[in-house]
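**Student:** Make a model of this:
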Amino acid sequence: MDNLTIGRNIAKFRKLKDIKAFDMAERLGLKEATYTKYERGKPQ
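**Tutor:** Numbering: from 1, shown residues only. Model (predicted):
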C-alpha cells in the first residue's frame, strides 16, 4: 500500500467516527498540520 491510500483510509475512518482532524491530532499528540499531512499521504 502506498502512503496516499493509507492516508485516505485514515481520513475515511476518522470521518466515520465524526472526529475532527484537530481532535484526532490532539489525541495522537501531534500538531494538526502534521496529522493532516499523514491523511494526505505526504511523507514527513
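**Student:** residue contacts, the residue most central in space within the chain?
**Tutor:** Residue closest to the average C-alpha location in the chain (C-alpha atoms, centre = their mean): residue 39, at 3.7 Å. Contacts for residue 39 (C-beta atoms under 8 Å, 6 or more residues apart in numbering) come out as 7-8, 10-11, 14, 21. Where C-beta positions appear, they are placed from N, C-alpha and C, glycine not excepted.
**Student:** which among those residues end up buried?
**Tutor:** 7, 10-11, 14, 21 (16 or more other C-beta atoms under 10 Å).
**Student:** I'd like those residues as a markdown table, with secondary structure and pLDDT appended.
**Tutor:** Listed next are these as a markdown table, based on DSSP: H, G, I helix; E, B strand; the rest coil; pLDDT from 0 to 100:
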| residue | secondary structure | pLDDT |
| --- | --- | --- |
| 7 | helix | 95 |
| 10 | helix | 96 |
| 11 | helix | 96 |
| 14 | helix | 97 |
| 21 | helix | 97 |
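**Student:** just curious, which of these is nearest to residue 31?
**Tutor:** residue 21 (10.8 Å; C-beta to C-beta).
**Student:** Residue 35 is in contact with that closest one, correct?
**Tutor:** Yes. Contact criterion C-beta atoms under 8 Å: residue 21 and residue 35 qualify, at 6.0 Å.
**Student:** So which residues of this protein form strands?
**Tutor:** Using DSSP state E, no strands are found in the chain.
**Student:** ranges for the helices of it?
**Tutor:** 3-16, 21-28, 32-40 (DSSP state H).
**Student:** Contacts for the shortest one, please.
**Tutor:** Residues from elsewhere that reach helix 21-28 (C-beta under 8 Å, 6+ apart): 14, 31-32, 34-36, 39.
**Student:** now the longest one
**Tutor:** Helix 3-16 is contacted from outside by 21, 24, 38-43, using C-beta under 8 Å, 6+ apart.
**Student:** Now list the buried members of these.
**Tutor:** Members of those classed as buried by 16+ other C-beta under 10 Å are 21, 24, 38-39.
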